[in-house]
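*Asks:* Sequence and predicted structure below; questions after.
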Amino acid sequence: MRIHTKRQLQELYRSYQQFGQYRPVVIDENNVVLVGNGLVEALREYGVQEVKALRYTNLSENKKKKLMIADNQIYSLGFDNSDVILELLSEIDDFDIPGYDEDFLRELMASEEEIEGEIERFGILDEDTIETFKRREETQRQAMSEMQAVQPTNPTTEPSVESSNAYVPSAPIDAVRDNEPQTDNSATRTITCPHCGETFSLPL
């Protein structure tokens, strides 16, 4: 029922190599695997011919299906106790542990002195990199100076045509009627733009 990734199958076989088969698979009277399909698949892929099995012969078909579903779900209800795992990791002398990446565990368990050393080394730049940043900073400073030199001394405060036309008043939503012709354009209302002060006359 559970989908087993290639990585999981590799780790299952890695565990089998280190510890052997410490948990039996569960089969029925017809040798159909009810629990432990992932282990069987992994061992078969790596050429192992035999597995330890616990045979159930007194289960109805209904109970077999319930057992398969329950085994998948009950396992997923738990979660790792990180504190206990870290404590156990601190008590072992290597990190070749099935299910975990060895380099990741080494980084995880690095001592405080090692971490502080990495932090101190982090961000140290070589001479060429520092010189490159200095040249880039000087170039940006010169460009800013040239831009300021060409700025007009008395900039106008009058709004441009583009800015004065940017505000377009809209009618209230409840006044809009689709496909309804206007029959009276004699009455108008005046709206003043709050941005440029220009007035607009709109038919009511």
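*Replies:* It's in. All values reported here derive from a predicted model rather than from experimental measurement.
*Asks:* From here on, just use CA atoms for contacts and neighbour counts.
*Replies:* Will do.
*Asks:* Which SSE is immediately downstream of the strand or helix carrying residue 39?
*Replies:* Using DSSP states H and E, residue 39 sits in helix 37-45. Sequence order places strand 53-55 as the next helix or strand after helix 37-45, per DSSP H and E.
*Asks:* Give me the pLDDT for residue 31.
*Replies:* Here, the pLDDT recorded for residue 31 equals 93.
*Asks:* how far away is the nearest residue to it once chain neighbours are set aside from residue 24?
*Replies:* Distances taken as Cα to Cα, 6 or more residues apart in numbering place residue 55 nearest to residue 31, at 7.7 Å, with adjacent residues excluded. Going from residue 55 to residue 24 by Cα to Cα, to the nearest Å gives 10 Å.
*Asks:* Residue 127 now?
*Replies:* On the measure of Cα to Cα, residue 127 and residue 24 end up 62 Å apart.
*Asks:* So which of these two has more stuff around it?
*Replies:* More crowded of residue 127 and residue 24, by other Cα atoms under 10 Å: residue 24, with 14 against 8.
*Asks:* roughly how far apart are that one and residue 93?
*Replies:* 29 Å.
*Asks:* Tell me if I'm right that residue 96 and residue 104 touch.
*Replies:* No: the pair residue 96 / residue 104 is not scored as a contact, 10.8 Å apart, by Cα atoms under 8 Å.
*Asks:* what mean pLDDT does stretch 93-106 have?
*Replies:* Looking at stretch 93-106 alone, the average pLDDT works out to 91.
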